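Visitor: Structure, please.
(one chain, ligands or ions: 1)
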Amino acid sequence: MSPRKTLVTGATGFLGSHVAAAWLEAGHDVRYTRRATSDTRWLEGLDVESVEWDVRDTEGLKRALRDIDTVVHVAGVTRAPKIPDYFQVNATGSARIAEAAVKAGVSRFVLVSSLAARGPDGGDGPVSAYGESKRRGEELVRLFEEKMEIVVLRPGGIYGPRDSDLFPLFEMAGKGWLVAPAGSPPLQPVYVSDVARLTVAAGTGEYAGLGPYPVAEEGEYRWREVREGLASALNRRVRMVWLPKTVFISAGVIAETAARLTRQDPRLDRRNAVDLSRHGWTCDTTATRDAFAWQAEVRLPEGLALTAEWYRRVGWLE
Ligand SMILES: NC(=O)c1ccc[n+]([C@@H]2O[C@H](COP(=O)([O-])OP(=O)(O)OC[C@H]3O[C@@H](n4cnc5c(N)ncnc54)[C@H](OP(=O)(O)O)[C@@H]3O)[C@@H](O)[C@H]2O)c1
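Guide: Got it, this is the predicted structure:
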């Protein structure tokens, strides 16, 4: 019989590429799924095999799951042109692989959901189509709870090498300024390799229950601390430019519309702008720490420095 392996979906993306590397580093055999259009540059040099599978399809899924013991389902869309796209991938697609995983005899299924599925601080649920689709994905995957061990992780904002979403902040700070919404609530981000390490802890060892488990660094931060971290990481003076929340959100809407017209990915969109200016996204990570003996190790100033260093090394930043 072939040795049992770990399947990582979404490994061609930002978080998933770090997840695949973390599982390899922990000594596991890793297979990942890719699409015909996927860019596999972050996986070059890694001893991993791959199978073609699109989350919206069943074609390839059986092959992807052959001899798989653990699935880490990272694939998802964080930005989509149309609302149904979020649900097709993040909800229906997650249910599709969970059902197939049960049939294939997978013993543990780690679902990378999002804090957006919980919704912002003090609220009572998701506030965006993205958040709703991630919540629906959790509900659908949970239906298989009796048939395999399921762990649901809910990371807050993730940053680190290979991330293009928060790169504009570094780019802006590299030019000497940082624009942020005035009076915005605190931030509680998490460095990417800490999340990747957590998927290994959650996917191995004694089963600690489904969760959902919030994932973030323990400390909360304010924008001025982000500015200080960026200034130190980039070794230059960075001025804070505060925009009224409504102006910040309008900037998100304009950037999104312009990107749509030019068929590019928006650097900022309405959802990000609303999330950053109106809502707090903090969480208590005690349950996660207790379940997996895990704690984020990289504090924001160090994480920003490591990220800036990587952006420079690959030439994204001068
Ligand atoms: N980044 C964050 O701050 C954050 C926070 C909380 C949760 N998350 C969750 O973490 C996961 C990864 O996010 P990310 O930031 O790493 O995004 P990303 O860089 O855009 O990566 C998304 C990954 O999903 C794959 N994917 C998308 N649609 C697919 C489809 N139809 N079929 C197969 N694969 C598909 C992409 O494949 P291609 O390479 O082919 O496009 C890529 O590998 C998502 O589930 C997201 O909800 C992210």
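
Visitor: Show me which residues of this structure sit near the ligand.
Guide: 10, 12-16, 35, 37-39, 54-56, 74-78, 89, 112, 114, 134, 155, 157-158 (CB under 6 Å from any ligand atom). In this view, the C-beta of every residue, glycine as well, is placed from N, C-alpha and C.

Visitor: Let's see which of those residues end up in strands.
Guide: The strands, defined by DSSP state E, take in 112, 155, 158 from the residues of the chain next to the ligand.

Visitor: List the contacts of the first one.
Guide: So that's residue 112. Contacts for residue 112 (CB atoms under 8 Å, 6 or more residues apart in numbering) come out as 10, 15, 19, 72, 73, 74, 76, 153, 155, 199.

Visitor: What separation do you get for it and residue 162?
Guide: Distance, residue 112 to residue 162, by CB to CB, to the nearest Å: 16 Å.

Visitor: Likewise for the second one?
Guide: Distance, residue 155 to residue 162, using CB to CB: 15 Å.

Visitor: out of those two, which sits in the more crowded spot?
Guide: Looking at residue 155 and residue 162 with other CB atoms under 10 Å, you find the greater number of neighbours at residue 155, namely 23 against 19.

Visitor: In which helix or strand does the closest residue to residue 128 other than its chain neighbours reside?
Guide: With sequence-adjacent residues excluded and distances taken as CB to CB, 6 or more residues apart in numbering, residue 128 is closest to residue 271, at 4.8 Å. For residue 271, the element it lies in under DSSP states H and E is helix 270-278.

Visitor: what does residue 62 give?
Guide: helix 61-65.

Visitor: Report the buried residues of that helix.
Guide: 61, 64, 65 (16 or more other CB atoms under 10 Å).

Visitor: In this structure, what helix or strand scores lowest on average pLDDT?
Guide: Taking mean pLDDT, DSSP states H and E as the measure, helix 270-278 is the helix or strand of the chain with the lowest mean score, a mean of 86.

Visitor: So which elements touch the following helix or strand past that one?
Guide: Going down the chain from helix 270-278, the next helix or strand is helix 286-292, by DSSP H and E. When contacts are defined as 3 or more CB pairs under 8 Å, 6 or more residues apart in numbering; DSSP states H and E, helix 286-292 sits against helix 192-203, strand 213-215.

Visitor: Tell me the buried residues in helix 286-292?
Guide: Those would be 288, 291, 292, for helix 286-292 by 16+ other CB under 10 Å.

Visitor: next one: it to chain centre, how far?
Guide: For helix 286-292, the separation from the chain centroid amounts to 19 Å (computed by CA atoms, centre = their mean, to the nearest Å).

Visitor: pLDDT on that helix, on average?
Guide: Mean pLDDT, helix 286-292: 98.

Visitor: Also stretch 96-114?
Guide: Rounded mean pLDDT across stretch 96-114 is 98.

Visitor: from memory residue 150 sits against residue 139, does it?
Guide: No. Judged on CB atoms under 8 Å, residue 150 makes no contact with residue 139 at a distance of 11.6 Å.

Visitor: tally of neighbours for the residue in the stretch 201-318 of the chain positioned nearest to the ligand?
Guide: Ranked by CB to the nearest ligand atom, the top residue of the stretch 201-318 of the chain for proximity to the ligand is residue 215, at 7.8 Å. For residue 215, the count of nearby residues is 28 (other CB under 10 Å).

Visitor: Name all residues that make contact with the closest residue to it other than its chain neighbours.
Guide: With sequence-adjacent residues excluded and distances taken as CB to CB, 6+ apart, residue 215 is closest to residue 155, at 4.0 Å. Taking CB under 8 Å, 6+ apart as the criterion, residue 155 is in contact with 15, 112, 114, 115, 190, 195, 215, 216.

Visitor: got it, and residue 315?
Guide: With CB under 8 Å, 6+ apart as the criterion, no residue contacts residue 315.
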